[in-house]
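Enquirer: quick check, what structure comes out for this input:
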Amino acid sequence: MSRRLLFQGVAGEIDATNAVLAETSGAPSFRGLSGERVGNPCSRPVEDPKLREECGVVAIHGHPDAARQAYLALYALQHRGQESAGIATADGQHLANIKGMGLVSEIFTDDVLSKLPGQMAIGHTRYSTTGDSALLNAQPIRVDSVKGLIAIAHNGNLVNLGNVRSRLERDGAYFQTTSDSEIIVQLIAHSHAGTLVDAIADSLRQVEGAFSIVMMTRDRIFAARDPRGFRPLSMGRIKNADGPDTIVFASETCAFDLLRAKYERDVLPGELVMVTEDGVTSRQYSSGTPQSSCIFEHVYFARPDSRIFGRWEQESRDQMGRLLARESAVPADVVVPVPDSGVTAALGYAEQAGLPFRLGLIRNHYVGRTFIEPEQRVRDFGVRLKLNPVRNLLEGKRVILIDDSIIRGTTSRKIVRMVRGAGAKEVHLRISCPPTISPCFYGVDTPSKRDLIAANKSVEEIRQFIEADSLSYLSLDGLLNCCQDEKKQGYCTACYTGNYPTQWVDAGDILPAVATV
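Expert: From the prediction side, this is the model:
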């Protein structure tokens, strides 16, 4: 299968640093930008009701085959984004970047990985929505600035980028895209700080919102989290007996397992970590901001074998299921998860309720997650492709279905109908989080409020819409208790409450300008 790839600084390949790869019926051709702006990977057209995307980032320092290590880490983070991926490497003198549309394994064949030499690498996997799946907007973004070559990969979303961008443009900055990540690079380039690390710290203090970032120059790796710690980012280490250890960063610790890296710690909120051949150094570029990590990472996005915000996902989701059973028990014969994200909570529910756990819905794992696919019409068809009921486990039974969330309600209704069509006598839906009533501005792809069913209907109205015999959600206090540790982690619950931890901004301020030529 042929794939469109964008090469930057890669020996023997056409350099696309200042060009857009255009679709043609024959060989690919290039269009110069000439001032044209392309879509922001973290922005949407006005008519698109969805908001921000979720991504995965990795960084490797001090490994002779850094590109392959980044590839393996991205493979483990594929659940965080399935539309595009990229890897940049550096060897002390050169910085190369390759990115493409598709899955990590489809883009990075052995031949492609061989074009990425170096002992350092950063990588990114993402998904987007209609209108901004452009190849140029895949990450990492590689920029040749007055501070030198920089590659950056970003998970999250900035909420004050409109004001920052306008100020930079008044100061003479020229943008090729409307990307959050490019704004950070421009801030670095325009900083009056004397050193690069000071310039990075200065730029991060000027932006607000959610970001976990990895950056790379020709000879250094940087990793940083926003002061509120919205998005996860962990640091690990691969012990090397015959030389310096390899330092790795990843959005989730499940990536470390594939690399045989040992988890050391989370990058702290407001921390900037630098890795050079001399070792690891760190500074707090911001402090004193209340922490508000995204609780939806625990509910849905992170893999259950990851450690997020200092707590194992498996433990959090098991507790969600147990508490859900205590809060909303119902007479039933069997507990069935909606795979895969409902499995762990269903195990906890079944054990707490003393009911048998059965895999009454079988998932086709070759179909992507419906929550992060671009269009509603794809999503509707995806439900039928993705799940199939096991009739002999459901027929004549009172079934408790466990799922992690209800967003629009259309998927839940199809699943309830599917289970009932397989012969279930009763179908009771239990959700391991509170009703989602508000969109997220910090990096999770939720629809606008008008498309969130819980923002417009009562629980009873939702029950009627999805055609379940009963419907209950986990309480907000219950969810918070399930995700707490001894450090009393602070969480953002804006999607359940409408109370945002940063200043609210109008959607128009965070959407891209109209493209001009």
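
Enquirer: by residue count, what's the longest helix in this protein?
Expert: helix 313-327 (DSSP state H).

Enquirer: next, the buried residues of that helix.
Expert: 313-325 (16 or more other Cβ atoms under 10 Å). In short, each C-beta sits where N, CA and C put it, glycine included.

Enquirer: what residues are up against the residue nearest to Leu158 when sequence neighbours are not counted?
Expert: Excluding the flanking residues, the one nearest Leu158 by Cβ to Cβ, 6 or more residues apart in numbering is Gly209, at 4.0 Å. Gly209 makes contact with Gly156, Asn157, Leu158, Val159, Asn160, Leu161, Asp226, Phe230, Phe441, Tyr442, Thr502, according to Cβ atoms under 8 Å, 6 or more residues apart in numbering.

Enquirer: including neighbour count, could those go into JSON lines?
Expert: Below are those laid out as JSON lines (neighbours: other Cβ atoms under 10 Å):
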{"residue": "Gly156", "neighbour count": "27"}
{"residue": "Asn157", "neighbour count": "27"}
{"residue": "Leu158", "neighbour count": "28"}
{"residue": "Val159", "neighbour count": "22"}
{"residue": "Asn160", "neighbour count": "17"}
{"residue": "Leu161", "neighbour count": "26"}
{"residue": "Asp226", "neighbour count": "26"}
{"residue": "Phe230", "neighbour count": "29"}
{"residue": "Phe441", "neighbour count": "23"}
{"residue": "Tyr442", "neighbour count": "27"}
{"residue": "Thr502", "neighbour count": "19"}
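
Enquirer: which stretches of the stretch 351-500 of the chain form helices?
Expert: Listed in chain order, the helices of the stretch 351-500 of the chain (DSSP state H, counting those that start in this stretch) span 376-386, 391-394, 410-421, 453-456, 459-466, 476-483, 494-497.

Enquirer: single out the most deeply packed of the ones you listed.
Expert: Of the helices of the stretch 351-500 of the chain, the one with the most neighbours on average (mean count of other Cβ atoms under 10 Å) is helix 494-497, at a mean of 21.

Enquirer: so how far is that one off the chain centroid?
Expert: Per Cα atoms, centre = their mean, to the nearest Å, the displacement of helix 494-497 from the mean C-alpha position of its chain is 18 Å.

Enquirer: ok, now stretch 461-477?
Expert: 27 Å.

Enquirer: least confident secondary structure element in this structure?
Expert: Here the helix or strand of the chain ranked lowest by mean pLDDT, DSSP states H and E is strand 29-32, holding a mean of 28.

Enquirer: just checking, next helix/strand downstream of it?
Expert: Next along the chain after strand 29-32, taking DSSP states H and E as the criterion, comes strand 55-61.

Enquirer: distance-wise, check the closest residue in space to Tyr349 that isn't next to it in sequence relative to Gly342.
Expert: Nearest residue to Tyr349, sequence neighbours excluded (Cβ to Cβ, 6+ apart): Gly321, at 3.8 Å. Relative to Gly342, Gly321 is positioned 9 Å away (Cβ to Cβ, to the nearest Å).

Enquirer: which residues do these two both contact?
Expert: Between them, Gly321 and Gly342 share the contacting residues Ile402, Ser432, judged by Cβ under 8 Å, 6+ apart.

Enquirer: just give the number of residues close to Arg170.
Expert: By the criterion of other Cβ atoms under 10 Å, Arg170 has 8 neighbours.

Enquirer: typo on my end, it should be Ser251
Expert: Ser251, neighbours per other Cβ under 10 Å, totals 32.

Enquirer: mind listing what the closest residue to it other than its chain neighbours touches?
Expert: Excluding its sequence neighbours, the residue lying closest to Ser251 (Cβ to Cβ, 6+ apart) is Gly56, at 4.5 Å. Listed by Cβ under 8 Å, 6+ apart, the contact partners of Gly56 are 74, 77-78, 80-81, 124-126, 155, 250-252, 255.

Enquirer: likewise for Gly123?
Expert: Per Cβ under 8 Å, 6+ apart, neighbours of Gly123: 57-59, 70-71, 73-74, 85-88, 140, 153.

Enquirer: now do 7 Å
Expert: Taking Cβ atoms under 7 Å, 6 or more residues apart in numbering as the contact definition, Gly123 lies against Val57, Val58, Ala70, Ala73, Leu74, Gly86, Ile87, Ala153.

Enquirer: ok, Glu327 next?
Expert: Glu327 makes contact with Leu474, Ser475, Gly478, according to Cβ under 7 Å, 6+ apart.

Enquirer: got it, and Arg283?
Expert: With contact taken as Cβ under 7 Å, 6+ apart, Arg283 is in contact with Ala201, Leu272.

Enquirer: pull the distance from the helix or strand hosting it to the chain's centre.
Expert: Using DSSP H and E, Arg283 maps to strand 279-284. Mean-position distance between strand 279-284 and its chain equals 25 Å (Cα atoms, centre = their mean).

Enquirer: now stretch 286-301
Expert: On Cα atoms, centre = their mean, the centre of stretch 286-301 falls 13 Å from the chain's centre.

Enquirer: same thing with stretch 61-70?
Expert: Worked out by Cα atoms, centre = their mean, stretch 61-70 lies 22 Å from the chain centre.

Enquirer: pull out the buried residues from it.
Expert: His61, Gly62, His63, Asp65, Ala66, Ala67, Arg68, Gln69, Ala70.

Enquirer: show me the contacts for the closest residue to Pro244 other than its chain neighbours.
Expert: Leaving out its chain neighbours, the residue that sits closest to Pro244 by Cβ to Cβ, 6+ apart is Gly62, at 5.4 Å. Gly62 sits next to Gln119, Pro244, Asp245, Thr246, Ile247 when contact means Cβ under 7 Å, 6+ apart.

Enquirer: in TSV, list the residues you listed along with pLDDT and secondary structure.
Expert: Shown next, in TSV, are these (pLDDT from 0 to 100; DSSP: H, G, I helix; E, B strand; the rest coil):
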residue	pLDDT	secondary structure
Gln119	98	coil
Pro244	93	coil
Asp245	96	coil
Thr246	98	strand
Ile247	98	strand
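
Enquirer: which pair in the residues you listed spans the largest distance?
Expert: Farthest pair in the contacts of Gly62 (Cβ to Cβ) is Gln119 and Asp245. Separation: 12.4 Å.

Enquirer: give me the more crowded residue out of those two.
Expert: Neighbours were counted for Gln119 and for Asp245 using other Cβ under 10 Å; Gln119 has more, 21 against 18.

Enquirer: quick check: the gap between that one and Ala199.
Expert: 24 Å.

Enquirer: before we move on, what about Tyr442?
Expert: For Tyr442, the distance to Ala199 (Cβ to Cβ) stands at 25 Å.

Enquirer: I appreciate the help and will end here.
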